[in-house]
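Participant: Fold the following for me, if possible:
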Amino acid sequence: MGNVLCEHCTAECCHYVALPIDEPETKRDFDDLRWYLMHEGMTLFVEEGDWYVQFRTRCRNLRTDFKCGVYETRPAICAEYKAKDCDYAGGDYSYDHLFTEPEQIVAFAKEHFAKERTSNRKKKTKRKATRKGRVVREKTIQLGGV
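Facilitator: Sure, this is the predicted structure:
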């Protein structure tokens, strides 16, 4: 084999499709993601804050030697793919989150909503403290004028 990376490649990038999805916000959104993960070959990941669903599926134009059968007329997304992004080369994937099992998204959702509840309590506490502060100042002003 030569020294060209493509000569060693097993075409990992030709074995999946990843599509952006909306960031889940509700319990129903998270339940839908759980449903995705109940299907074989499904993965969810978050990369640089963006959510994706990934389907494990082989490109029908991939030859047995892992070369593209329609290389000259391949889609733009394939032509734009750079060797530095190559999955075979072990590109440095630093997912924010990676979900391969339904239980993982359930645990993430529980943590997400727990943080949200804590955040909402802190906001309410700050508002109450502010209201109390105003009331105290108003009473102080009234008492001082007596």
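Participant: Would you mind listing where this protein has pLDDT under the threshold?
Facilitator: Residues of the chain meeting the criterion pLDDT under 70: 1-6, 88-93, 121-146.
Participant: Buried ones in stretch 76-87, by neighbour count?
Facilitator: Of the residues in stretch 76-87, 86-87 count as buried by neighbour count, 16 or more other C-beta atoms under 10 Å. For the C-beta atoms, the positions are set from N, CA and C on the backbone; glycine is no exception.
Participant: gap between it and the chain center?
Facilitator: The chain centre lies 21 Å from the centre of stretch 76-87; the measure is C-alpha atoms, centre = their mean, to the nearest Å.
Participant: Endpoint to endpoint, it covers what distance?
Facilitator: Stretch 76-87 has an end-to-end distance of 18 Å (C-alpha to C-alpha, to the nearest Å).
Participant: what are the ranges of the helices in this structure?
Facilitator: According to DSSP state H, the chain carries its helices in the segments 27-37, 76-79, 102-144.
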